[in-house]
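Asks: Below is the structure, and that's it, no one-letter string:
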């Protein structure tokens with residue numbers, strides 16, 4: 001990995017300003033190696049499941065210049081590498097090779113990290129904290145990432161996702177306003193229900209993906225990805241100012257003062273039911289309600305990012321610890337970190353923004369056409385709508401697919417996808433070992449014509465070519481709670 005090689009190169013040169021003696025340099029290097037050895041098993045596991053190895057802020061700072069040089073050179077090289085029918089694919093791969101790699105480390109290359117209100121709780125629970133989207137977040141606790149992943153599917157887990165930002169729009173024009181920015185028919189939703197939608201840019205690309213809840217006819221609630229908060233707020237704020245200046249009744253509030261917990265797995269509902277007075281069995285997938293937990297007003301949405309039944313619970317910061325401890329005390333749920341969350345969402349076939357979905361990929365290319373409500377496909381009266389309307393009519397040149405890879409190393413983001421003739425037809429965007437399926441799985445983009453389930457392809461990993469098969473997603477069947 002170029003980032004890791006940069007760290008190693010800088011470590012050879014930067015040892016206390018180069019003022020140490022030879023013996024001191026050897027001693028310092030030995031100490032570094034010993035500390036690295038203590039983490040070796042955990043790092044190997046993180047590399048296998050999470051897709052990259054978290055590193056320290058010091059290492060990241062040393063690598064910043066080298067990484068940026070590599071990013072620019074690689075992006076330029078890839079952008080020139082393909083022309084003609086493969087130009088669209090080449091452009092996307094250039095983004096993955098450069099900008100996405102840079103985004104992956106942006107959290108720990110920019111100075112002090114932010115902390116969620118539960119940071120001290122995680123440290124007390126012996127969590128391994130890593131930089132993520134500008135926050136210090138737990139990647140795992142005492143259980144391995146593999147064990148944590150399978151435990152979530154068998155029993156249940158709690159994830160602190162307070163780095164994500166909740167937003168509420170209010171006013172009689174709140175629903176029409178959000179509909180002008182996203183692809184879904186929010187107005188058609190029943191009060192207290194939601195749906196996955198895409199926040200669009202004028203080029204038809206995805207600014208973010210988010211679950212949007214229509215609380216009622218004059219209130220909309222949604223949560224945006226942590227790494228996108230500044231970009232999302234700027235985009236929404238610009239359009240909001242235009243609407244307000246034209247006399248529209250809509251305002252926005254951000255919930256910086258609230259924590260967010262994801263309670264996922266088969267035991268999630270039974271555990272939560274012990275703490276609320278409402279009948280959880282009447283809440284189906286995507287339903288939303290406001291109810292007290294231990295007397296603390298909570299926004300409860302039956303949703304998640306694992307493919308399992310579960311809830312995302314927004315609570316005031318000053319009640320987050322009490323709610324977390326109550327959930328742990330009233331069922332078999334265990335704490336889980338970003339490592340398990342990532343492998344769970346990959347098994348569920350869900351996009352990770354910045355890897356599988358970004359500003360240059362449309363919902364149609366991403367296999368998310370279903371998020372574009374049928375009632376909106378004629379007018380497509382939202383930002384980027386003209387592009388989407390044309391893609392719906394003419395089709396697209398690339399498609400997101402799932403792959404299973406029976407042998408060889410896991411295929412990571414950027415790995416090439418080849419057809420049976422060895423021709424490059426796409427690239428991997430997410431991949432790793434599935435703890436539940438005990439095999440390598442991946443997502444990626446390929447040229448049109450290769451997306452059919454069962455198509456035999458190949459992936460190139462570390463100059464080795466391994467067989468792969470296009471596989472329908474989700475890889476692990478979803479367990480969402482729906483009416484029978």
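Replies: All right, it came through fine. Predicted model, so just to flag it, every value in this text is computed and none were measured.
Asks: what ranges do the helices span in the stretch 301-450 of the chain?
Replies: 320-329, 338-347, 385-394 (DSSP state H, counting those that start in this stretch).
Asks: My error: substitute the stretch 151-300 of the chain in the last question.
Replies: 174-179, 229-245, 268-273.
Asks: which residues are contacting the last one?
Replies: Okay, so that is helix 268-273. Outside of helix 268-273, the residues that reach it under the criterion C-beta atoms under 8 Å, 6 or more residues apart in numbering are 156, 263, 280-281, 293, 300, 308-311, 313, 327, 330-333, 481. (Each C-beta comes from the backbone N, C-alpha and C, glycine too.)
Asks: same question, the first one
Replies: With contact meaning C-beta under 8 Å, 6+ apart, helix 174-179 is reached by 169, 171, 185-187, 212, 214, 217-220, 222, 239-240, 243, 248, 250, 376, 382.
Asks: one more time with 10 Å, if that's ok
Replies: The contact list for helix 174-179, computed with C-beta atoms under 10 Å, 6 or more residues apart in numbering, reads 167-169, 171, 184-189, 197, 199, 210, 212, 214-220, 222, 236, 239-240, 242-244, 248-252, 373, 376, 381-382.
Asks: how close does residue 310 sit to residue 403?
Replies: 26 Å (C-beta to C-beta, to the nearest Å).
Asks: and the two? which has more neighbours close in?
Replies: The neighbour count for residue 310 versus residue 403, taken as other C-beta atoms under 10 Å, is higher for residue 310 (30 against 25).
Asks: Please name the nearest non-neighbouring residue to that one.
Replies: Using C-beta to C-beta, 6 or more residues apart in numbering and skipping the chain neighbours, the partner closest in space to residue 310 is residue 264 (3.5 Å).
Asks: residues near the one you found, how many?
Replies: For residue 264, the number of neighbouring residues by other C-beta under 10 Å comes to 29.
Asks: Tell me what it is bridged to.
Replies: Beta-bridge partners recorded for residue 264 (DSSP bridges): residue 157, residue 310.
Asks: ok now do it, which residues does it touch?
Replies: By C-beta under 10 Å, 6+ apart, the residues touching residue 264 are 152-153, 156-159, 303-312, 333, 336, 340-341, 344, 479.
Asks: Need the pLDDT of it.
Replies: With respect to pLDDT, residue 264 scores 98.
Asks: From residue 236, how far out is it?
Replies: On the measure of C-beta to C-beta, residue 264 and residue 236 end up 28 Å apart.
Asks: Pick out the residue nearest the middle of this structure.
Replies: The C-alpha lying nearest the average C-alpha coordinate of the chain belongs to residue 352 (C-alpha atoms, centre = their mean; 3.4 Å).
Asks: hang on, that one packs against residue 305?
Replies: Yes. Applying C-beta atoms under 10 Å as the test, residue 352 and residue 305 come out as touching, 9.2 Å apart.
Asks: Touching both of these two, which residues are there?
Replies: With contacts taken as C-beta under 10 Å, 6+ apart, the residues that reach both residue 352 and residue 305 are 341-342, 345.
Asks: which one among these gets closest to residue 397?
Replies: Nearest to residue 397 among these, counting by C-beta to C-beta, is residue 345 at 26.2 Å.
Asks: nearest spatial neighbour of that closest one, skipping sequence neighbours?
Replies: For residue 345, the closest residue by C-beta to C-beta, 6+ apart turns out to be residue 305, at 5.0 Å.
Asks: Could you pull up the residues touching the one you found?
Replies: With contacts defined as C-beta under 10 Å, 6+ apart, residue 305 is in contact with 159, 161, 164, 211, 262, 264, 312, 341-342, 344-345, 348, 350, 352.
Asks: How confident is the prediction for it, by pLDDT?
Replies: For residue 305, the pLDDT comes out at 98.
Asks: Please tell me how far it sits from residue 137.
Replies: As judged by C-beta to C-beta, residue 305 and residue 137 stand 14 Å apart.
Asks: ditto for residue 277
Replies: As for residue 277, its distance to residue 137 is 32 Å (criterion: C-beta to C-beta).
Asks: of these two, who's got more company?
Replies: Of the pair residue 277 and residue 137, residue 137 is the one with more neighbours under other C-beta under 10 Å, namely 29 against 8.
Asks: Quick check: the more buried one is in a strand.
Replies: Yes. Counting by DSSP: H, G, I helix; E, B strand; the rest coil, residue 137 falls inside a strand.
Asks: give the contact list for it.
Replies: Under the criterion of C-beta under 10 Å, 6+ apart, the contact list for residue 137 reads 54, 107, 113-116, 119, 122, 127-131, 159-163, 226, 337-338, 341.
Asks: Strands - which of these land there?
Replies: Of the positions in these, 114-115, 128-131, 159-160 sit in strands, assigned by DSSP state E.
Asks: Those residues into CSV, with extra columns for neighbour count?
Replies: Conversion of those to CSV gives the following (neighbours: other C-beta atoms under 10 Å):
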residue, neighbour count
114, 15
115, 16
128, 20
129, 18
130, 24
131, 22
159, 26
160, 25
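Asks: Just give me the closest of these to residue 435.
Replies: Ranked by distance to residue 435 (C-beta to C-beta), the ones in strands among the contacts of residue 137 are led by residue 159 at 15.8 Å.
Asks: Excluding chain neighbours, give the residue nearest to the closest one in space.
Replies: Across the structure, with C-beta to C-beta, 6+ apart as the measure, the residue nearest residue 159 apart from its sequence neighbours is residue 262 (4.2 Å).
Asks: Count the neighbours of the one you found for me.
Replies: Residues within reach of residue 262, counting by other C-beta under 10 Å, total 23.
Asks: what sits against residue 466?
Replies: Taking C-beta under 10 Å, 6+ apart, we find residue 466 in contact with 405-411, 415, 418, 440, 457-460.
Asks: if we go to 6 Å?
Replies: With contacts defined as C-beta atoms under 6 Å, 6 or more residues apart in numbering, the neighbours of residue 466 are 405, 407-408, 459.
Asks: What of residue 323?
Replies: For residue 323, counting by C-beta under 6 Å, 6+ apart, the contacting residues are 293, 315.
Asks: Same check on the one 3 residues further on?
Replies: Residues in contact with residue 326 (C-beta under 6 Å, 6+ apart) are 275, 294.
Asks: okay, now residue 360: neighbour count?
Replies: Under the criterion other C-beta under 10 Å, the count of neighbours that residue 360 has is 18.
Asks: Which pLDDT value goes with it?
Replies: Looking at residue 360, its pLDDT stands at 98.
Asks: Check the gap between it and residue 206 for me.
Replies: Taking C-beta to C-beta as the measure, residue 360 and residue 206 are separated by 9 Å.
Asks: Number of residues surrounding the nearest residue to residue 319 once chain neighbours are set aside?
Replies: In space, not counting the residues next to it along the chain, residue 319 is nearest to residue 296; the distance is 3.7 Å by C-beta to C-beta, 6+ apart. Residue 296 is surrounded by 17 other residues when neighbours are defined as other C-beta under 10 Å.
Asks: Show me what residue 296 is bridged to.
Replies: Here residue 296 shows beta-bridge partners residue 293, assigned using DSSP bridges.
Asks: quick one: low-confidence ranges for the stretch 1-150 of the chain?
Replies: With pLDDT under 70 as the threshold, the stretch 1-150 of the chain has low-confidence stretches at 1-111.
Asks: where in the stretch 201-350 of the chain is pLDDT low?
Replies: In the stretch 201-350 of the chain there are no weaker segments when pLDDT under 70 is taken as the threshold.
Asks: what's the answer for the stretch 351-484 of the chain, then?
Replies: When residues are selected by pLDDT under 70, none of them lie in the stretch 351-484 of the chain.
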